[in-house]
Every structure is written in C-alpha cells, then in structure tokens.
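A.B. asks: Could you work out the structure for the sequence below:
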Amino acid sequence: MATQVSSGVNLTVTSRSQPARAGEHETLTALFDLGRQVTSVLDVGELLRKLPDLIRRLIPFDAFAVYFLDSKRRTLRIAHAEGYSEEAVRTVRRRVGDGFVGAAVADEQAMLVNDLAADRQRDAAVPEARSGLVVPLLHKAKVIGALTLLSHERGQFDENDLAILRQFGAHVAVALANARMFEREHRDSQTFELLAEIGRDVTSILDLDELLARIAHLVRRIIDYRTFGILLLNERTEELEAKIAVEYGDARTMPSFKLGEGLVGFAALHKQPVLVPDTAADGRYLSYVQDVRSELVVPILSQDKCLGVFDLQSPELDAFDKRYVGVLTLLASQAAVAIENARLYRKVRANESRLRKEVRLAQRVQVGLLPAELPIRPGVEAAARFEPARELGGDFYEVMAPEAPLFVAAVGDVSGKGAAAALYGAFAGELVRSRTFRRRYLPEQSSPATVLASINTILHERQLEGYFCALCYAAFDFDRGAVVVANSGLPFPIHSGADGTRQFGGPGIPLGLFPGSDYDETRLPFAPGDVFVFCTDGIFEANDDAGDEFGAERLLRVVERARDLPARTIVDAIFEAVTEFHGGAQQADDMTAVVLKISTPSGSAASPRA
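C.D. replies: Modelled structure (predicted):
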C-alpha cells in the first residue's frame with residue numbers, strides 16, 4: 001500500500017507485527033467516549049494536556065503534537081507536544097505546504113507516512129521519527145491546526161490508525177474551537193473588569209508624573225508589548241513630547257514628534273487610532289527603535305481635543321488587532337479624564353503667591369468644561385444657565401446626545417465652594433461624560449442608576465474628606481417616548497405637561513459618601529409640549545433679606561406660567577424670578593438650571609447632532 005504526499009515521493013507502508021487491535025464496535029465505543037471527554041473541557045490548556053493520554057488508548061506513539069494555525073501569516077506553531085524537545089516546542093514554525101505537516105494542512109487531507117527517513121519532508125524536530133500520522137483540524141470548513149503522531153519504528157501506523165485519528169481529530173477541532181471561544185469571552189470579561197479597576201485607580205491620582213507612570217505599569221497587565229510610550233501634546237510648540245517610555249519594563253528615551261510626523265504625529269493630528277501590522281510597508285513610519293515590525297498608536301482625547309497619544313510597538317508582525325484598538329481606546333478615555341484633572345490640580349497648587357491668578361484661570365477652565373453649545377436634536381429644545389455664588393462654584397451640568405435615540409441631561413452640585421469645589425465638580429462632570437459615552441462599548445452598564453453607582457464608587461475611593469456630590473441624571477429615550485431618572489440628593493426635577501406641573505422622582509444618597517450605594521430609577525412618559533426642569537438647591541434655597549426661601553411652590557408657578565415658551569425663555573424666567581425674590585441679597589449657594597422641552601412625538605425624531 002502506498003501513500004502520496006505533496007512532494008511527490010511514493011511511500012510504501014511496510015508490514016508490522018503487533019497485538020490485535022480492538023474490534024470495530026469497541027473502537028467506535030472508545031471514540032465516542034473520548035469525544036465526549038474532549039468536548040466537555042472548556043479550558044484550552046487543560047484540553048491540550050488531556051489529548052496525549054486519550055489518543056494513546058487507541059493508537060500507540062512515541063511523539064505527539066498539536067499545531068495551531070496562524071491564518072494571517074500562514075504558519076503553524078506547536079501548541080502542545082510530547083516527545084519533542086523544549087526548544088523545538090518554543091521555536092518550531094512551519095509554513096503551510098512545508099513538510100508533511102504543512103502539506104496535510106495545505107491540502108486539508110489526513111496523511112500517513114511510513115518511512116520518514118526516506119522522505120525529504122521528514123519532521124526535523126524529532127529526528128529519530130520513522131513514521132507518522134497527521135490530521136488537519138477543521139472547524140466549520142476552516143483549518144485551525146493539525147494533530148500529529150510520530151513513531152520511532154517504520155511502518156508503525158496503518159490506514160485504520162489514520163481513520164481513527166481523523167475521527168478523533170474532528171472531536172478535537174470542535175473542542176478546541178469551543179474552548180478558544182470561551183477563553184476569548186472570559187478574557188474580554190476580565191479585560192473590562194480590569195479597565196474598570198484601572199479607571200478607578202488612575203482617576204484617584206492627581207500628580208501628573210505619578211499618574212503617567214501608573215498608566216504605563218497598568219497597560220502591561222492587559223496588553224503584551226515591547227515598547228510603550230505616552231506622549232503629551234505641547235500646544236505651544238505643537239510637538240508631542242515623550243513623558244513615559246518603557247522597553248521591556250525598563251525606562252528608555254523617546255524623541256519628540258511634530259503634529260502629523262510619523263505614525264504618532266498622524267494619530268494625534270487626525271484624532272484617530274493608527275494600526276500598522278507591518279511598519280516596513282507603511283511610508284508614515286519613522287524608526288527610532290530597532291526591530292519594530294508592528295505599531296499601534298491611540299490618541300488621548302478629551303472633548304475632541306487631543307491631549308497626546310499612547311504608542312505601542314512590537315518586534316513581531318501583526319502583533320496588535322482591533323481588540324487592542326478597542327481596549328486601548330477605552331483606557332485612553334479614562335486617562336484623558338485623569339490627565340485633565342491632574343493638570344488642573346497641578347495648576348491650582350503650583351504657586352500660592354499666584355492664587356488669585358490661578359483662581360481666575362480655574363474659573364475660565366470651569367466655564368470651558370461646561371458645554372459651550374448644547375447638542376442639537378430634532379424633537380427637543382435644551383437650555384441651561386449657571387451662576388456661581390463666588391468666583392468658582394461647585395455646580396455643573398452636562399447635556400449629551402451619546403447615540404440615537406438617547407438624549408441625556410445631568411445636573412450636579414458639589415459640597416463646598418471655591419477652587420476645591422470647582423476642581424471636584426470638574427472631575428465629577430468628566431466622570432459623568434465618560435460614563436455616558438462608554439455605553440457605546442458597555443450599554444448594559446450605562447443606565448442612569450448604574451452611572452450613579454459607578455461614579456459613587458470612584459468618588460468614595462478618592463476619600464476627600466468633607467466632599468461629596470449630589471447628581472440628578474436623566475436619560476430621554478425618543479424611541480420609547482420616556483425618560484428614566486436617577487437622583488442622588490438633588491431637589492426632585494419638575495415635569496410640566498397637559499395634566500399639570502409637579503415634581504417627580506425619588507431621593508438618593510449623595511455620591512462619594514458611602515461605598516456600594518444603590519440608586520432607584522423613575523420612569524416617566526413624555527409627549528410634545530412637555531417641559532422638564534432640573535435645578536440645584538441654590539435656586540430652591542435662595543434667600544431674601546428676611547431669610548425666607550424661594551422654595552418649590554414659587555418655582556412650580558414660574559414653570560407653569562412659562563411652559564408654552566421656548567426652553568431658553570423658561571430658564572431666563574426662572575433666574576429672573578429668583579433675582580426679583582432675593583432683591584440682590586448675597587447668596588450662599590450656586591444656582592444652576594437645565595430645561596428640556598419636548599417638541600416632537602417619540603419615535604419620529606432624527607439622529608442627534610452634537
């Protein structure tokens with residue numbers, strides 16, 4: 001009997017003497033049992049370790065190997081082996097089509113070779129091998145690897161062995177595909193948990209140098225790289241300056257880049273990730289580290305402003321993929337919040353003799369952090385107004401359109417006044433934005449209640465004594481025609497509709513006071529003409545000279561009278577009524593109001609434009 005391999009060498013199976021094999025029924029029974037054992041394992045490592053002993057129950061052998069196929073590079077590497085040297089397992093790479101293993105994969109055909117010594121495609125990793133079996137592992141008509149048995153004896157295997165290994169290989173292919181899918185899902189879950197941990201970690205550091213060093217250390221936990229750099233944009237020189245550069249865990253130097261220069265400058269200029277599987281084939285690449293074969297650059301963006309970039313490099317081709325892009329982009333969004341706050345903190349604390357100048361700068365920064373223009377969405381009018389009690393205030397608001405059909409309004413009030421409260425409010429406001437926009441990646445963790453719970457955890461871990469944040473968060477869903485509100489200590493919002501004007505919602509514990517706080521949600525349908533008002537307690541508690549408060553009843557009457565007017569007019573009417581009430585008396589608290597007026601039936605509005 002002869003077997004033809006891809007080299008064209010005709011190999012003859014020699015006769016051999018060995019104990020009689022089990023009967024056909026026993027063999028099928030054993031195969032069924034082995035298949036059941038194989039497909040019940042969901043850990044790739046455990047599965048690979050089990051295979052040699054399971055196969056040995058049916059076919060004796062001297063060496064065993066499972067190869068995984070890298071379909072992009074068209075190479076096979078040993079995933080697990082017995083009878084091979086450690087060096088061979090670590091270093092052997094076979095191109096598809098080379099050797100009898102590569103030939104079997106290329107042809108997608110099982111192969112029996114009974115005289116490897118006469119075959120120029122013999123397995124050099126096991127030089128003493130004289131005969132072999134190889135079965136390509138196919139899952140959904142695609143080769144994912146190969147299963148190989150070798151013997152030191154010529155003619156050790158026959159066609160029956162080949163048929164058995166082919167059948168067993170079908171079970172192995174299914175089991176490996178399932179285990180690898182389970183492993184990917186588990187890894188992705190761990191990655192998101194780790195990203196959440198990293199987010200809590202980095203946002204608690206206010207020293208910029210310490211923050212950047214910590215980020216470099218944490219990235220290593222989720223991405224395997226050779227060289228990692230953090231470059232921040234110097235807006236004056238328009239250069240990206242290296243702040244952190246690490247190669248295999250050790251500090252190194254990294255040059256600066258002009259905007260648009262190299263892959264780093266391109267990513268910063270265009271505010272988009274750059275993934276290069278082969279740097280030699282990309283004309284934008286500038287070499288400053290030897291043997292770099294692939295590179296990934298992700299911009300660090302804050303409100304569409306580029307703060308800098310993360311730069312990953314590897315000596316291997318195609319070392320990074322879209323999964324790494326997504327992970328690093330999420331991390332960059334968290335880092336942007338932390339970097340902005342660390343920079344602001346450094347500015348405020350830099351020089352006590354220039355405190356007044358810094359306070360004025362912080363006031364401009366605070367106003368700049370508030371939305372300069374509210375997003376435009378057909379179907380809703382939005383207007384907002386903020387008046388601090390001092391130069392700096394602890395109130396903030398956000399109006400966002402993260403994705404169709406959602407429109408989000410959030411109003412917050414930080415305890416305290418002045419620069420510290422403004423810093424804390426800026427931090428809390430950025431947390432609101434980042435937690436809102438991450439629904440693009442984690443929609444199940446982006447309901448109003450979970451947003452509040454997440455921010456509460458981060459603020460509590462900061463443990464800034466005496467500081468906390470009251471926040472009302474409302475998500476308007478124009479497909480469902482309803483708003484969902486979660487509150488953590490602000491006055492109840494107001495709804496004015498056809499059936500009257502009243503407050504709604506429930507109370508909640510302010511953010512940052514206690515760990516593990518849960519928050520309730522209130523759902524309310526809306527219709528065209530409905531008005532929603534969200535205010536901080538500075539409006540309700542505005543005092544006149546006699547010490548009387550403006551109060552909820554007066555505010556409800558103002559909203560009721562103005563409900564048919566545009567949203568901007570309603571906001572101005574509220575502040576005019578408060579000013580008329582207190583008569584110019586000095587107020588102790590900031591005042592903020594956000595008004596949303598529904599103008600289109602649910603389900604009929606177009607996508608938002610930020």
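A.B. asks: Just give the nearest non-adjacent residue to residue 424, would you?
C.D. replies: Counting by CB to CB, 6 or more residues apart in numbering, the nearest residue to residue 424 once its immediate chain neighbours are dropped is residue 414, at 4.8 Å. Where you see a C-beta, it was placed from the backbone N, CA and C, and this is true even at glycine.
A.B. asks: Please tell me I have it right and the one you found contacts residue 464.
C.D. replies: No. Between residue 414 and residue 464 there is no contact under CB atoms under 8 Å: 10.2 Å.
A.B. asks: on that earlier part again, and the residue nearest to residue 424, how many neighbours?
C.D. replies: The number of residues packed near residue 414 is 30, by other CB atoms under 10 Å.
A.B. asks: so what sits against both of residue 414 and residue 464?
C.D. replies: residue 424 (CB atoms under 8 Å, 6 or more residues apart in numbering).
A.B. asks: Next one: residue 420 from residue 370, what distance?
C.D. replies: Between residue 420 and residue 370 the computed distance is 18 Å (CB to CB, to the nearest Å).
A.B. asks: can you check residue 488 too?
C.D. replies: From residue 488 to residue 370 the distance is 20 Å (CB to CB).
A.B. asks: between those two, who's got more neighbours?
C.D. replies: Neighbour totals were compared for residue 488 and residue 370, and residue 488 leads with 25 against 17 (other CB under 10 Å).
A.B. asks: Excluding chain neighbours, what is closest to that one?
C.D. replies: Counting by CB to CB, 6+ apart, the residue nearest residue 488 is residue 508, at 4.0 Å.
A.B. asks: circling back: need the contact list for the residue nearest to residue 424.
C.D. replies: Residue 414 makes contacts with 394-396, 421, 424-425, 428, 467-470, as judged by CB under 8 Å, 6+ apart.
A.B. asks: ok, now residue 146?
C.D. replies: Going by CB under 8 Å, 6+ apart, residue 146 touches 66-67, 69, 76, 101, 104-105, 134-137.
A.B. asks: Let's see that with 7 Å instead.
C.D. replies: 67, 76, 101, 104-105, 134-137 (CB atoms under 7 Å, 6 or more residues apart in numbering).
A.B. asks: who does the helix or strand containing it pair up with?
C.D. replies: Here residue 146 is covered by strand 142-151, with elements defined by DSSP states H and E. Sheet pairing here is set by DSSP bridges, and for strand 142-151 it gives strand 63-70 (antiparallel), strand 131-139 (antiparallel).
A.B. asks: what is the mean pLDDT for that strand?
C.D. replies: For strand 142-151, the mean per-residue pLDDT is 87.
A.B. asks: Ok, stretch 399-416 next?
C.D. replies: The predicted model assigns stretch 399-416 a mean pLDDT of 89.
A.B. asks: Next: stretch 226-246.
C.D. replies: 89.
A.B. asks: hang on, residue 324 in a strand?
C.D. replies: No. Per DSSP: H, G, I helix; E, B strand; the rest coil, residue 324 lies outside any strand segment and is helix.
A.B. asks: quick one: the helices in this structure?
C.D. replies: Along the chain, the segments classed as helices by DSSP state H run 24-39, 44-56, 86-91, 99-107, 159-202, 208-219, 262-270, 322-349, 355-369, 418-437, 448-462, 537-540, 551-562, 567-582.
A.B. asks: pLDDT-wise, which helix or strand of this structure ranks last?
C.D. replies: In the chain, no helix or strand scores lower on mean pLDDT, DSSP states H and E than strand 10-12, which sits at a mean of 29.
A.B. asks: So what's the residue count around residue 392?
C.D. replies: Residue 392: 24 surrounding residues under other CB under 10 Å.
A.B. asks: could you measure it against residue 516, distance?
C.D. replies: For residue 392, the distance to residue 516 - CB to CB - is 31 Å.
A.B. asks: quick one, which of the strands paired with strand 142-151 is nearest to residue 433?
C.D. replies: Closest to residue 433 of these is strand 63-70 (CB to CB; 39.9 Å).
A.B. asks: what angle sits between the closest one and helix 44-56?
C.D. replies: 140 degrees (axes from the mean of the first three to the mean of the last three CA atoms, to 10 degrees).
A.B. asks: Can you point out the buried residues in stretch 415-429?
C.D. replies: Across stretch 415-429, burial judged by 16 or more other CB atoms under 10 Å covers 415-429.
A.B. asks: so which of these comes closest to residue 451?
C.D. replies: For the buried residues of stretch 415-429, the nearest to residue 451 is residue 428 (11.6 Å; CB to CB).
A.B. asks: and the closest residue to the closest one other than its chain neighbours, how many residues sit next to it?
C.D. replies: Among residues not flanking residue 428 along the chain, residue 469 sits closest, at 4.8 Å (CB to CB, 6+ apart). When neighbours are counted by other CB under 10 Å, residue 469 registers 29.
A.B. asks: now residue 324
C.D. replies: So residue 324, with other CB under 10 Å, has 19 neighbours.
A.B. asks: So the residue nearest to residue 424 versus residue 426, what's the distance?
C.D. replies: 9 Å.
A.B. asks: swap in residue 274?
C.D. replies: For residue 274, the distance to residue 426 equals 30 Å [CB to CB].
A.B. asks: from memory residue 537 sits against residue 411, does it?
C.D. replies: No. If you go by CB atoms under 7 Å, residue 537 and residue 411 don't touch, sitting 10.5 Å apart.
A.B. asks: Overlap of the contact sets of the two?
C.D. replies: residue 490.
A.B. asks: Pick out whichever of the two has more residues nearby.
C.D. replies: Neighbours per residue (other CB under 10 Å) separate residue 537 from residue 411, with residue 411 holding more: 28 against 18.
A.B. asks: The more buried one: what's it in contact with?
C.D. replies: Contacts for residue 411 (CB under 7 Å, 6+ apart) come out as 397, 472, 490, 534, 536, 592, 594.
A.B. asks: could you dump these to CSV with distance to residue 80 and neighbour count?
C.D. replies: Below are those laid out as CSV (distance: CB to CB, whole Å; neighbours: other CB atoms under 10 Å):
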residue, distance to residue 80, neighbour count
397, 57, 23
472, 56, 27
490, 58, 25
534, 60, 27
536, 62, 27
592, 62, 26
594, 60, 27
